[in-house]
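1. Sharing a model prediction with you, sequence too.
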Amino acid sequence: MIEARNISKHFGNLAVLKGISLDIRPHAVTTILGPSGAGKTTLLQILGTLSSPDKGGTVTYDGTDVTSLSEAKLAAFRNRHIGFVFQSHQLLPEFNIVENVAMPALIGGRQSKEAYTEAKRILTDLGLAHRLEHRPGELSGGECQRAAVARALINKPSVILADEPSGSLDSRNRTELHRLFFDLRDSMGATFVIVTHDETLAADSDCIVRMDDGRISTIV
């Protein structure tokens with residue numbers, strides 16, 4: 001699914017990533033673990049094309065070298081092929097959750113009727129049928145994260161990248177969100193790459209990548 005080769009990243013004189021190479025398997029949940037400052041989020045941002053590696057590093061999706069794309073082509077690729085879920089759900093407070101979820105589809109050029117119908121379907125599948133007209137401020141933290149997952153799914157991406165997606169949730173909602181990821185892997189063949197400190201989530205994943213000081217220490 002994803003091939004990352006020789007990924008380094010410097011911010012000034014600070015080396016955050018130091019020559020990482022990594023393959024992400026399709027239709028699997030891969031978790032990235034490590035202490036704060038290990039470079040996990042920076043790696044995820046580069047895998048997600050939100051940041052660029054230093055010269056010489058490449059990220060390839062199914063044969064497409066995304067590090068060689070222009071900004072316009074990269075934005076279009078990201079919209080079609082990559083979904084994002086963050087620790088803070090980042091839903092827009094002035095819109096209801098159907099509008100929030102439909103937004104990436106609308107940006108991608110789909111007709112509004114089609115986008116809203118698909119958003120409602122996904123939200124219903126994720127157990128939010130009774131919340132469609134609610135705004136984020138009217139939802140629980142767990143419901144907001146489910147809506148964020150729905151937004152990540154709206155364009156049927158090749159991969160979903162998540163950065164500490166359950167970090168702000170209580171134990172019950174954390175367990176439900178983790179179960180949702182594995183259900184989507186099984187039902188949709190979705191590929192997940194998740195940065196987390198949660199050892200329980202990691203223990204259930206298909207692949208565990210451990211990082212330390214900008215390098216990969218182990219892959220299991």
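-> Alright, I've got the coordinates.
2. what residue lies at the spatial centre of this structure?
-> Nearest to the mean C-alpha position of the chain, by C-alpha atoms, centre = their mean, lies L161 at 1.8 Å.
3. what's around the residue nearest to that one when sequence neighbours are not counted, how many residues?
-> Of all residues not flanking L161 in the chain, G48 sits nearest, at 4.6 Å (C-beta to C-beta, 6 or more residues apart in numbering). Backbone N, C-alpha and C define where each C-beta goes, glycine included. Using other C-beta atoms under 10 Å, the number of residues around G48 comes to 20.
4. wait, doesn't G48 sit right on R78?
-> Yes - taking C-beta atoms under 8 Å as the definition, G48 is a contact partner of R78 at 7.3 Å.
5. and the residue nearest to L161, what is it in contact with?
-> In this structure, G48 makes contact with 78, 82, 84, 161, judged by C-beta atoms under 8 Å, 6 or more residues apart in numbering.
6. and the gap between it and S187?
-> Between G48 and S187 the distance is 23 Å, computed by C-beta to C-beta, to the nearest Å.
7. Does the closest residue to S140 other than its chain neighbours lie in a helix or a strand, and which?
-> Nearest residue to S140, sequence neighbours excluded (C-beta to C-beta, 6+ apart): N173, at 7.3 Å. N173 belongs to helix 171-188 when assigned by DSSP states H and E.
8. then that helix to CSV, C-alphas only?
-> Extracted in CSV, the C-alpha atoms of helix 171-188 (Å, rounded to 0.1, in the frame of the first residue of the first chain):
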residue,chain,number,x,y,z
SER,A,171,-12.0,4.2,28.5
ARG,A,172,-15.5,3.2,27.2
ASN,A,173,-15.4,5.5,24.1
ARG,A,174,-11.7,4.5,23.5
THR,A,175,-12.7,0.8,23.4
GLU,A,176,-15.6,1.5,21.1
LEU,A,177,-13.4,3.6,18.7
HIS,A,178,-10.7,0.9,18.6
ARG,A,179,-13.3,-1.8,17.9
LEU,A,180,-14.7,0.4,15.1
PHE,A,181,-11.2,0.5,13.4
PHE,A,182,-11.0,-3.2,13.3
ASP,A,183,-14.6,-3.6,12.2
LEU,A,184,-13.8,-1.3,9.2
ARG,A,185,-10.7,-3.2,8.4
ASP,A,186,-12.7,-6.4,8.3
SER,A,187,-15.9,-5.1,6.6
MET,A,188,-14.3,-2.6,4.1
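9. Now do the following helix or strand past it: everything it contacts.
-> Where DSSP H and E defines the elements, the next helix or strand beyond helix 171-188 is strand 192-195. The contact list for strand 192-195, computed with C-beta under 8 Å, 6+ apart, reads 2, 24, 28-32, 40-41, 43-44, 47, 159-165, 181, 184-185, 201, 205.
10. Please put the alpha-carbon coordinates of strand 192-195 into PDB.
-> Presented in PDB, the C-alpha positions along strand 192-195 are these (Å, rounded to 0.1, in the frame of the first residue of the first chain):
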ATOM      1  CA  PHE A 192      -5.100   2.100   9.000                       C
ATOM      2  CA  VAL A 193      -1.900   3.600  10.200                       C
ATOM      3  CA  ILE A 194      -2.400   4.800  13.800                       C
ATOM      4  CA  VAL A 195       0.000   6.800  16.000                       C
END
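11. For the residue nearest to S140, list the residues it contacts.
-> 140-142, 145, 166.
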